[in-house]
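*Asks:* Next comes the sequence, and after it the predicted model I'd like to discuss.
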There are 2 protein chains.
Amino acid sequence: METDRLDILGDALAHPSRARMLTALMDGRAFTNKELATYAAITPQTATAHLDRLEYAGLITRLKSGRHAYHRIASEDVASALEMLSTLTANPLPASTPPELRRARSCYNHLAGRLAIEITTALTRKKLLLEENGNFAAQPSAIWGKLGVTLPERPRKQPFAKCCLDWSERKHHIAGPMGTALLENALAERWVMRPKRDARFLEITPLGRSAFAELLDISADRY
Amino acid sequence: METDRLDILGDALAHPSRARMLTALMDGRAFTNKELATYAAITPQTATAHLDRLEYAGLITRLKSGRHAYHRIASEDVASALEMLSTLTANPLPASTPPELRRARSCYNHLAGRLAIEITTALTRKKLLLEENGNFAAQPSAIWGKLGVTLPERPRKQPFAKCCLDWSERKHHIAGPMGTALLENALAERWVMRPKRDARFLEITPLGRSAFAELLDISADRY
DNA sequence: ATAACATTTCGGTTGTGAGCGAAGGGTTAA
DNA sequence: TTAACCCTTCGCTCACAACCGAAATGTTAT
């Protein structure tokens, strides 16, 4: 029986410095070498070595631009798997998760946390979303436009809305292109904001609360 | 931001010997120190050290019985997460998965592979299963008894049927108590058999093929 | 051109994990 | 009781990962 190369993947996660860098990258944004080095409290030289191994394991991709090297999570699948892994470690210590992260955060390029779960369940309740084989099927509706989502004309190879397991809520929220559109629209409409530049958690604005309440019947006391 | 202890988990997977032992344990059965040492091609002393770390990371549990020490995957969540991780490594090399493993195998204590996917989709198509929030809701039917499943009288805290992402098929199959019952019944009825003692893959018997065709309208050419 | 900056490469130190042989502790079978 | 067996602990070697300082490479700004 083969090794499945599970060890290469584990090796990439095995070091605190690498784990910290990955959590910083989890919201999908790209960071430079120096930023990640600062975040992990190591020198840039050492960060380079760590990022080499993360790239070798297929967890991140690099993009050189000018004198900067940008690093980001390689794919949405990687982000989902990392969220999934957190469920294992977070399980024995559910209370240790910071409340602001549980409320709303970005996962790769879509929303996560209680807000994301509420949005997903509201759309499911309205029969606009149907969970099926790890993806969501969407029904046409005027709501999508208000949420910043343009449904594809024809079915494509890549699923338009994928399920992503939320590690703090242990339920599925929306990933894939639809998830990206929802997050980008929410940021553009100032429904949610990113208070700190280097943080994953998101702040829900009063404008956002009323928008979610009006569009999806989500009362603010649910998140 | 905290480290989430992702590194401890990665550290546990980081070594080829540990990765091999984990894949051997993935079908949910317990193995002794010596068996795992043989499997990983190392001495029992070294295996002890590795198993210490797997236990420390919460991935396995130990049970001493007589002069034997039995090791098994700590929980179904761990098994699911490991399957999930395999999707990352298996993705670039889809063809590398042995065909017999893709057809039918055991994952922790339930069925996985194409057979498991066919069973799950057949039950979903008949509206006997509804996927929801990472679990399956079951509708009463006479089929369950024939499949060896006894639905619980009242809703319980622990979900009776959970979703588990199949790494070779990338769809959800049935885990949880219902999954366990399905596998145990299939083994007891000799619908599937375990040809090799130390292998995860399962062989579907002619008896099994006719049973699945009759009960669930699954033609044999689908798996 | 020169300076300032980001990143990477090189060299060397240090610490730790993996591995095995030998020995100890404990259980089962003869 | 003795022998066989499984597991673990101890002691040791060896290899490699992590880290940083120094220096090289390449880019942007002055």
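*Replies:* Cool, the structure landed. Residues are numbered from 1 along each chain as shown, chains lettered A, B, ... in the order given.

*Asks:* In stretch A:115-130, which residues are buried?
*Replies:* Neighbour counts over stretch A:115-130 (16 or more other Cβ atoms under 10 Å in any protein chain shown) mark A:115-124, A:128-129 as buried. Just so you know, the C-beta spots here come from the backbone N, C-alpha and C atoms, and that holds for glycine as well.

*Asks:* measure A:R67 to DNA strand D for me?
*Replies:* As judged by Cβ to the nearest atom of the strand, to the nearest Å, A:R67 and DNA strand D stand 4 Å apart.

*Asks:* Chain A: strands as residue ranges?
*Replies:* All strands of chain A, identified by DSSP state E, fall at A:31-32, A:60-65, A:68-73, A:105-107, A:110-112, A:129-132, A:135-138, A:162-165, A:172-175, A:192-193, A:203-204.

*Asks:* which stretch among the ones you listed comes nearest B:T61?
*Replies:* Judged by Cβ to Cβ, the one of the strands of chain A that comes nearest to B:T61 is strand A:162-165, at 23.6 Å.

*Asks:* Looking at the strands of chain A, which is nearest to B:A30?
*Replies:* Using Cβ to Cβ, the strands of chain A put strand A:162-165 closest to B:A30, at 27.7 Å.

*Asks:* So which elements touch the closest one?
*Replies:* helix A:76-90, strand A:135-138, strand A:172-175, helix A:176-188 (3 or more Cβ pairs under 8 Å, 6 or more residues apart in numbering or on different chains; DSSP states H and E).

*Asks:* If you average pLDDT over each of those, which is lowest?
*Replies:* Of all the helices and strands packed on strand A:162-165, mean pLDDT reaches its minimum on helix A:76-90 (a mean of 73).

*Asks:* So what angle separates the directions of it and strand A:68-73?
*Replies:* Angle, helix A:76-90 to strand A:68-73, by axes from the mean of the first three to the mean of the last three Cα atoms, to 10 degrees: 70 degrees.

*Asks:* hmm, back to that, just the helices and strands packed on strand A:162-165: most buried one?
*Replies:* Of all the helices and strands packed on strand A:162-165, strand A:172-175 has the most neighbours on average by mean count of other Cβ atoms under 10 Å in any protein chain shown, namely a mean of 28.

*Asks:* quick one on the thing from earlier: just flag the most distant two among the buried residues of stretch A:115-130.
*Replies:* Longest distance between any two of the buried residues of stretch A:115-130 is 17.3 Å, between A:L115 and A:L128; criterion Cβ to Cβ.

*Asks:* wait, what's in contact with A:A14?
*Replies:* B:7, B:10-11, B:13-14 (Cβ atoms under 8 Å, 6 or more residues apart in numbering or on different chains).

*Asks:* From those residues, which shows the smallest pLDDT?
*Replies:* For those, the pLDDT minimum is B:D7, 79.

*Asks:* so how far is A:L101 from that residue?
*Replies:* 18 Å (Cβ to Cβ, to the nearest Å).

*Asks:* same question, A:A30
*Replies:* From A:A30 to A:L101 the distance is 21 Å (Cβ to Cβ).

*Asks:* what's the distance between A:K127 and A:Q139?
*Replies:* A:K127 sits 6 Å away from A:Q139 when distances are taken as Cβ to Cβ.

*Asks:* A:L22 too?
*Replies:* 36 Å.

*Asks:* higher neighbour count, these two?
*Replies:* A:L22 (27 against 13; other Cβ atoms under 10 Å in any protein chain shown).

*Asks:* Okay, domains of chain A per the record?
*Replies:* For chain A, the structural domains run A:6-74, A:77-222, going by automatic domain parsing.

*Asks:* of all the strands of chain A, which lies closest to B:E203?
*Replies:* Among those, strand A:129-132 comes nearest to B:E203, with 29.9 Å by Cβ to Cβ.

*Asks:* what about the closest one, distance to the chain center?
*Replies:* In terms of Cα atoms, centre = their mean, to the nearest Å, the centre of strand A:129-132 is found 19 Å from the chain centre.

*Asks:* hmm, it in reach of chain B?
*Replies:* Yes. Contact of strand A:129-132 with chain B (Cβ under 8 Å from any Cβ of the partner chain) involves A:131-132.
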